[in-house]
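Chemist: Got a sequence here, can you build the structure:
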Amino acid sequence: MPMIVRNCAGGVVFHKNKVFILKNEKGEWVLPKGKIRNDSLPTETALYRVKYEGGIDARIISTAGETSYEFYSLSRKQPVCNVINWYIMEDPKGKFKVNSEEGFLDGGFFSIKEALQKITYSQDKSLVNLSFKKYLVLKEFEELEEVYV
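Modeler: I've put the predicted structure just below:
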């Protein structure tokens, strides 16, 4: 039986030294993400999901890489592989509104240490860790540009 491959996109959203995570209906702590629909670009989907799931108006500052995971879809009765394009995003305000109608139980901006303790999946933990390091470097360059421009 062939595996369905779904292309998805999501955001690793930072506000200062904190990262945004959500607690889903299964009680798992995850990052905002979703399936790329129709002719949407991965960037559009990532920004939309961050806004839809967390009420955050973020901006993309860099790519963060790709993760994938497989699961068995009971509704489709076949295996599915989600391939997720991730983006490092920034939210200058730090305001959010967890979309409880979508089944999210909790969420918010947490310190990196606290987020890494909460996040359910190890590849999401690695993604947040690497993204935060990259984010700090990008912010340093941004501050240098402001000084020298």
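Chemist: I'd guessed residue 9 sits against residue 37; true?
Modeler: No: using C-beta atoms under 8 Å, residue 9 makes no contact with residue 37, being 10.3 Å away. C-beta: built from backbone N, CA, C; applies to glycine.
Chemist: shared neighbours of those two, anything?
Modeler: Shared contacts of residue 9 and residue 37 (C-beta atoms under 8 Å, 6 or more residues apart in numbering): residue 45.
Chemist: what about those two, which has more around it?
Modeler: Just comparing residue 9 and residue 37: by other C-beta atoms under 10 Å the higher neighbour count belongs to residue 9, 26 against 11.
Chemist: Next up, phi/psi of that one, please.
Modeler: Per-residue torsions, residue 9: phi -150, psi 150 (degrees, to the nearest 10).
Chemist: The closest residue to residue 73 other than its chain neighbours sits in which helix or strand?
Modeler: With C-beta to C-beta, 6 or more residues apart in numbering as the criterion, residue 73 has its nearest non-adjacent residue at 4.7 Å, and that residue is residue 80. In this assignment (DSSP states H and E), residue 80 forms part of strand 78-90.
Chemist: what's next to the helix or strand following that strand, contact-wise?
Modeler: Beyond strand 78-90 in the direction of the C-terminus, DSSP H and E gives the next helix or strand as strand 106-111. Residues outside strand 106-111 that contact it (C-beta under 8 Å, 6+ apart) are 15, 17-23, 53-54, 94, 96, 98, 118.
Chemist: Starting from strand 106-111, tell me which strands it pairs with and how they run.
Modeler: strand 18-23 (antiparallel) (DSSP bridges).
Chemist: pLDDT on the strand it pairs with, on average?
Modeler: With pLDDT averaged residue by residue, strand 18-23 scores 98.
Chemist: And the next helix or strand past that strand?
Modeler: Counting by DSSP H and E, the element after strand 18-23 in chain order, helix or strand, is strand 29-30.
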